[in-house]
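> Sequence and predicted structure are below.
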Amino acid sequence: MTDQLATLLSEQRRFPPPVGFAARALATEKLYRKAQADRLGFWEDEAKTLDWMAPWSRVLEWTSPHAKWFVGGKLNVSVNCLDRHLSGPRRNKAALIWEGEPGDRRTLTYWDLAREVNRAANALRTLGVKRGDRVAIYLPMIPEAAIAMLACARIGAVHSVVFGGFSAESLRDRINDAQAVALITADGGYRRGQVVPLKRFADEALVECPSVRHVMVVRRRPGADGDEAFAEMKEGRDHWWHRLLAAAGPEALPEAMDSEDLLFILYTSGTTGKPKGIVHTTGGYLTQAAATTKYVFDLRDEDVFWCTADIGWVTGHSYVVYGPLANGATVLMYEGAPDWPERDRFWTLVERYGVTVFYTAPTAIRAFMKWGTEHPARHNLSTLRLLGSVGEPINPEAWIWYHEQIGKGRCPIVDTWWQTETGGIMITPLPGVVTTKPGSATIPFPGVSAELVDAKGQRIEKGGGFLTLTEPWPGMLRTIYGDDERYRQTYWSRFPGRYFAGDGAKVDEDGYWWILGRVDDVLNVAGHRIGTMEVESALVDHPSVAEAAVVGKTHELKGQALAAFVTLKEGAKVTAALKDDLKEHVTKKIGAIARPDDIYFAADLPKTRSGKIMRRLLKDIAEGRALGDTTTLADPNVVAKLKDQYESEEG
Ligand code: PRX
């Protein structure tokens, strides 16, 4: 980490926007000046690019920490993503180009997609799903994932997408927290040649989900109609998606939603054992998703936009579905793994579909680096014109590799910082305007106010500190579902009057932001957020475990990997089998993404006098560093230092 920061600090390379790119970029410097002069006016003009059924009376009503955007305005998100494109030349344009992992392909035009969404909306209505009801979605990356989300939006139901890699128990907890009345799932999805039996996991979850009255099951596996091996249909509760849609009419009236009506809930990890249901509403969210997609990705009608995120994460919501479709773009969607059947699968896709804008995570880029340049070199990537990165800090070497090997030195890179909570991109270069520095997310998007503060909450101009946001933004979370107190506590109490993002950051001489990583007990494993407490709760749930502490250990590819320190109950024996059993237990409780890489058995866990586990010490052990002076916890790790400051000021 010291090395990492030193590298960042000494990073002198500069990449001005290529002249040709800058000359025709949608965003110019004027945008910054406009937002600077009139922040609300800037956002209001972006909102005006959407179709509204009734106008708003006020742009913003702000009673900290609660915001209402475009107050009184009415709109429907699905109308903005579909209907409004049907009257002009986009009617027959590809909205979704999809490829399944086994190689099956589908293309849906805007017209096709609208038809499917309308039918799905009618099917949901037939099942009695109403405006305001919550619908859980547990699907692989197939067109039906986007269709299901948009169908919910059409009838005013609130979707809660649960990543298909989460376990039955995680699905159960999320369904119950939101009291979902329906679940949309599939018989399976493909991942590295295997079928992930989602319906089976769903059945396991539903045993303890009394609120769910109906399940719609997409038949992902062709020819497997009624394939009992993968989808045992429960009479009265379960319905095949394709049968319901075949019986449903192709036109469904859209609900006129209030700008502040809920669009979706998305669960994300926090610092406690219980994931938080992040609440996003309609008008502000769509405004920010649409505006950032347009300006950050310089998106045009002729582009083929590929954001590789799964629909189960916020990136999949804002940049696979809502942002691009609101802009009438063509979206590429791919179901499976990047190394299946070969390590050039992504580049095969870029070449086959002529992808122009490509948005992925540093963890993927590091894997590509490791796999070698021969894979991208085998393909014609000349259609690419812009590259993006999201989810974790990108190390300068990975940035340069991406620039040279994928962008061939030609494509600007947008390193975009944001969060599930922010709804859309917050800190990023605008590709035709801002000179980039490898490893820096550069400067706030127009209309976004970010400030660096020290541990006491004093604003600092530059140096290391904590990333805070000082003004409300349209896509911001409105609350935590069912727990407004937790919303206030988590985001607004640490530095009064400021939204605290959980990230440590550095601002340099030029005012550029370098995101250093989380300073709270949230880890970022392969770009996925995992709460240490969640994994600890899963471990202590095992009958042999007395106590557990989980830390993030620096990992070459994943950024961080999980290391767990465990003390056992009296009588439990330390064995290799137990290690595996514990890893399996976590996988079952949360999902494979939370499976610890290492488990260490300890007689005791090191604690401070007040009983707080000394995580930094455990991190040193996990990373094989010398322990140093444990009384002062001297450590060269900058993020860890910030973390300490953060925690000690917490009082
Ligand atoms: O630590 C930051 C990191 O990811 C966290 C948010 O995770 P999540 O809510 O899952 O959303 C990820 C996709 C938006 C942040 O608190 N993060 C996200 N983008 C970047 C980043 N860290 C550094 N650079 C980024 N570009």
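Perfect, I can see it now.
> After the lowest-mean-pLDDT helix or strand in the chain, which helix or strand is next?
Least confident helix or strand of the chain, by mean pLDDT, DSSP states H and E, is helix 2-9 with a mean of 58. Sequence order places helix 19-24 as the next helix or strand after helix 2-9, per DSSP states H and E.
> and that next one, how far from the chain's centre?
Offset of helix 19-24 from its chain centre (C-alpha atoms, centre = their mean, to the nearest Å): 30 Å.
> Next, the buried residues of the helix or strand just after that helix.
Using DSSP H and E, the helix or strand that follows helix 19-24 in sequence is helix 29-37. Neighbour-count burial for helix 29-37 flags 31-32, 34-35 (criterion: 16 or more other C-beta atoms under 10 Å). Where C-beta positions appear, they are placed from N, C-alpha and C, glycine not excepted.
> average pLDDT across the helix or strand that comes right after helix 29-37?
Downstream of helix 29-37, the first helix or strand assigned by DSSP H and E is helix 39-47. What helix 39-47 shows for mean pLDDT is 98.
> Flag every buried residue along helix 39-47.
In helix 39-47, counting by 16+ other C-beta under 10 Å, buried: 39-40, 42-44, 46-47.
> next one: stretch 397-416
By 16+ other C-beta under 10 Å, the buried positions in stretch 397-416 come out as 398-403, 405-407, 410-416.
> Give me the subset of those that lies in helices.
Among the buried residues of stretch 397-416, DSSP state H puts 398-401 in helices.
> Distance to the ligand and pLDDT added to the residues you listed, as CSV?
Putting those into CSV (distance: C-beta to the nearest ligand atom, whole Å; pLDDT from 0 to 100) gives the following:
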residue, distance to the ligand, pLDDT
Ala398, 12, 96
Trp399, 11, 97
Ile400, 16, 97
Trp401, 16, 98
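> okay if I get these as CSV plus distance to Leu516?
As requested, these are exported to CSV (distance: C-beta to C-beta, whole Å):
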residue, distance to Leu516
Ala398, 16
Trp399, 15
Ile400, 19
Trp401, 21
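> Out of the buried residues of helix 29-37, flag the one nearest to the ligand.
Tyr32 (19.4 Å; C-beta to the nearest ligand atom).
> Assess the claim that that closest one and Val433 are in contact.
Yes: Tyr32 is in contact with Val433 according to C-beta atoms under 8 Å; the separation is 7.5 Å.
> just checking, Glu116 is part of a helix?
Yes: Glu116: assigned to a helix according to DSSP: H, G, I helix; E, B strand; the rest coil.
> Could you find the closest non-adjacent residue to it?
Counting by C-beta to C-beta, 6 or more residues apart in numbering, Glu116 lies nearest to Ile147, which is 4.9 Å off, once chain neighbours are set aside.
> Show the secondary-structure elements that the helix or strand hosting the one you found is packed against.
Taking DSSP H and E as the definition, Ile147 sits inside helix 143-155. Applying 3 or more C-beta pairs under 8 Å, 6 or more residues apart in numbering; DSSP states H and E, we find helix 143-155 packed against helix 77-81, strand 94-99, helix 110-126, strand 134-138, strand 158-161, strand 182-186, strand 262-268.
> Out of the ones you listed, flag the one nearest Leu349.
Leu349 lies closest, by C-beta to C-beta, to one member of these: strand 94-99, at 6.4 Å.
> what lines up beside that closest one in the sheet?
Sheet pairing of strand 94-99 (DSSP bridges) gives strand 105-109 (antiparallel), strand 330-334 (parallel).
> and these, which is most packed in?
strand 330-334 (a mean of 24; mean count of other C-beta atoms under 10 Å).
> angle of that one against helix 143-155?
Here the directions of strand 330-334 and helix 143-155 differ by 130 degrees (axes from the mean of the first three to the mean of the last three C-alpha atoms, to 10 degrees).
> so after strand 330-334, what's the next helix or strand?
Counting by DSSP H and E, what follows strand 330-334 is helix 345-353.
> outside of that following helix, which residues touch it?
The contact list for helix 345-353 (C-beta atoms under 8 Å, 6 or more residues apart in numbering) reads 97, 99, 304, 306, 308, 332, 334, 336-339, 342, 355, 358, 364, 368, 375-376, 378-381, 383-384.
> and that helix, average pLDDT?
Here the average pLDDT along helix 345-353 is 98.
> Any buried residues in that helix, and which?
Buried residues in helix 345-353, counted by 16+ other C-beta under 10 Å: 345-351, 353.
> ditto for stretch 545-563
By neighbour count with 16+ other C-beta under 10 Å, stretch 545-563 contains the buried residues 545, 547-553, 555, 558-563.
> What about Glu232, how many residues nearby?
13 (other C-beta atoms under 10 Å).
> and what of Gly497?
Using other C-beta under 10 Å, Gly497 has 10 neighbouring residues.
> Would you mind measuring from the nearest residue to it once chain neighbours are set aside to Ile480?
For Gly497, ignoring the flanking residues on the chain, the nearest one in space by C-beta to C-beta, 6+ apart is Ser64 at 6.7 Å. Separation of Ser64 from Ile480 (C-beta to C-beta, to the nearest Å) stands at 16 Å.
> who has more neighbours, the two?
Ile480 (25 against 12).
> tell me the contacts of the more buried one?
276-279, 486-487, 490.
> What of Trp371?
Counting by C-beta under 8 Å, 6+ apart, Trp371 has contacts 339, 343.
> what ranges do the helices span in the stretch 251-400 of the chain?
283-296, 314-316, 323-326, 345-353, 362-371, 374-377, 396-401 (DSSP state H, counting those that start in this stretch).
> actually the stretch 501-650 of the chain, not the one I typed
With DSSP H, counting those that start in this stretch as the criterion, the stretch 501-650 of the chain has helices spanning 532-540, 576-589, 615-622, 638-649.
> Lowest average pLDDT across those helices?
Minimum mean pLDDT among those: helix 638-649, a mean of 68.
> ok, the contacts of Ile480 vs Gly423, which is closest?
Ile278 (8.6 Å).
> and the closest one, how many neighbours?
24.
> Hmm, His280 is touching Phe264, no?
Yes: with contact defined as C-beta under 8 Å, His280 counts as touching Phe264 (5.4 Å).
> circling back: average model confidence for the helix holding Ile147?
Rounded mean pLDDT across helix 143-155 is 99.
> What of stretch 305-322?
Computed over stretch 305-322, the average pLDDT equals 98.
> now it: how far from the chain's centre is it?
7 Å.
> what's the span of that stretch, first residue to last?
13 Å (C-alpha to C-alpha, to the nearest Å).
> now do stretch 534-552
13 Å.
> again with stretch 493-500
End-to-end for stretch 493-500, by C-alpha to C-alpha: 8 Å.
> contacts for that stretch?
Counting by C-beta under 8 Å, 6+ apart, stretch 493-500 makes contact with 64-65, 451, 453, 457, 466-470, 476, 491-492, 646, 650, all of which sit outside it.
> For that stretch, buried residues please.
Buried residues in stretch 493-500, counted by 16+ other C-beta under 10 Å: 494-495, 498-500.
> thinking again about what came up before, out of the helices of the stretch 251-400 of the chain, which is closest to Arg595?
helix 362-371 (15.5 Å).
> Is that closest one positioned near the ligand?
No: contact between helix 362-371 and the ligand is absent, the nearest approach being 7.8 Å (criterion: C-beta under 6 Å from any ligand atom).
> Kindly calculate the angle that that helix makes with helix 345-353.
With the same axes, to 10 degrees applied, the angle from helix 362-371 to helix 345-353 works out at 100 degrees.
> Now do helix 362-371, average pLDDT.
96.
> okay, it in PDB with CA atoms only?
C-alpha atoms of helix 362-371 as PDB (Å, rounded to 0.1, in the frame of the first residue of the first chain):
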ATOM      1  CA  PRO A 362     -10.200  -2.800 -12.600                       C
ATOM      2  CA  THR A 363     -10.400  -6.400 -11.300                       C
ATOM      3  CA  ALA A 364     -11.300  -7.600 -14.800                       C
ATOM      4  CA  ILE A 365      -8.500  -5.400 -16.300                       C
ATOM      5  CA  ARG A 366      -6.000  -6.900 -13.900                       C
ATOM      6  CA  ALA A 367      -7.100 -10.400 -14.900                       C
ATOM      7  CA  PHE A 368      -6.700  -9.500 -18.600                       C
ATOM      8  CA  MET A 369      -3.200  -8.300 -17.900                       C
ATOM      9  CA  LYS A 370      -2.300 -11.500 -16.200                       C
ATOM     10  CA  TRP A 371      -3.800 -13.600 -19.000                       C
END
